[in-house]
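**Student:** Give me the fold of what follows.
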Amino acid sequence: MENMLLKNKVEPMILALGQYIRKRRQSLGMSQGELAACSGLHRTYVSDVERGNRNLTLGATTLLASGLGLRLKDLILAVDHDEQPLIEPCKSSFEPGHNSWEETKSTFTGLMPEQSRVPAYEKQPA
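**Tutor:** Here you go, the predicted model:
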């Protein structure tokens, strides 16, 4: 059920994002090829995005925003009209003292940004 709810909420957002990207690109007088070149993406990828056929990654969305002369947050805010959460957060499995919370927390303990994303307890001594 949650997957269907998520799908029903996400697909319209992907379509709205694609429509906004097309509208913004056209208002700037850019072709899909020009936006692709400015964004470092392929023209067919831009075409798929504009038609709502791509579920963009955060990285691709950032590249497209930059190619359109926007900050990522401005691109997202331009199409985000629904202030309701997609799904209710699952609070019970992440409450302090609950096993999954402790396991999740311990996974990230001791990591530094420049280190790999391998938890500290899995690293072998040099």
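
**Student:** CA-only coordinates of the helix or strand where L77 lies in PDB, if you can.
**Tutor:** Element membership for L77 (DSSP states H and E) is helix 72-79. These are the backbone C-alpha positions of helix 72-79, laid out as PDB (Å, rounded to 0.1, in the frame of the first residue of the first chain):
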ATOM      1  CA  LEU A  72      18.800  23.200  -6.800                       C
ATOM      2  CA  LYS A  73      16.500  24.400  -4.000                       C
ATOM      3  CA  ASP A  74      14.900  27.000  -6.400                       C
ATOM      4  CA  LEU A  75      14.200  24.300  -8.900                       C
ATOM      5  CA  ILE A  76      12.600  22.100  -6.300                       C
ATOM      6  CA  LEU A  77      10.600  24.900  -4.800                       C
ATOM      7  CA  ALA A  78       9.300  25.900  -8.300                       C
ATOM      8  CA  VAL A  79       7.600  22.600  -8.600                       C
END
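
**Student:** pretty sure S47 is touching L35, no?
**Tutor:** No: S47 lies out of contact with L35 (CB atoms under 8 Å); the separation is 9.9 Å. For the C-beta atoms, the positions are set from N, CA and C on the backbone; glycine is no exception.

**Student:** Name the residue in the two with the higher neighbour count.
**Tutor:** The neighbour count for S47 versus L35, taken as other CB atoms under 10 Å, is higher for L35 (25 against 17).

**Student:** dump the residue contacts of the more buried one.
**Tutor:** Listed by CB atoms under 8 Å, 6 or more residues apart in numbering, the contact set of L35 reads I21, R25, V46, L64, G67, L68.
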